[in-house]
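In: this one's sequence-less:
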């Protein structure tokens, strides 16, 4: 299509590359669980690969994330999260 051709012709990559890949490295640790109210909090340990400039220029960090869950219609859904 001509619109796609226009976008390709005018595309300019960003000056700097930044990327983060996060991988879970352990089973979630249940910090609290209340089936009656449908609320839970889990702690997940992750490995984060942060790249700057190019994908080959990266650092590895280990960081946990605390995830709040709420049960809706029988399914657990994320209600919030915070990096630790």
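Out: Everything's here; your move. These numbers were taken from a predicted model, which means no experiment stands behind them.

In: run a quick neighbour tally on residue 70.
Out: For residue 70, the tally of surrounding residues (other CB atoms under 10 Å) stands at 14. Just so you know, the C-beta spots here come from the backbone N, C-alpha and C atoms, and that holds for glycine as well.

In: 24 is where my numbering starts, stick with that
Out: From this message on, residue numbering opens at 24, which makes the last subject residue 93.

In: packing partners of the helix or strand hosting it?
Out: Using DSSP states H and E, residue 93 sits within strand 81-95. Counting contacts by 3 or more CB pairs under 8 Å, 6 or more residues apart in numbering; DSSP states H and E, strand 81-95 packs against strand 62-75, strand 98-106.

In: who does that strand pair up with?
Out: Counting by DSSP bridges, the strands paired with strand 81-95 are strand 62-75 (antiparallel), strand 98-106 (antiparallel).

In: got the buried residues for the first one?
Out: This means strand 62-75. Under the neighbour-count criterion of 16 or more other CB atoms under 10 Å, strand 62-75 has 63-65, 67, 69, 71 buried.
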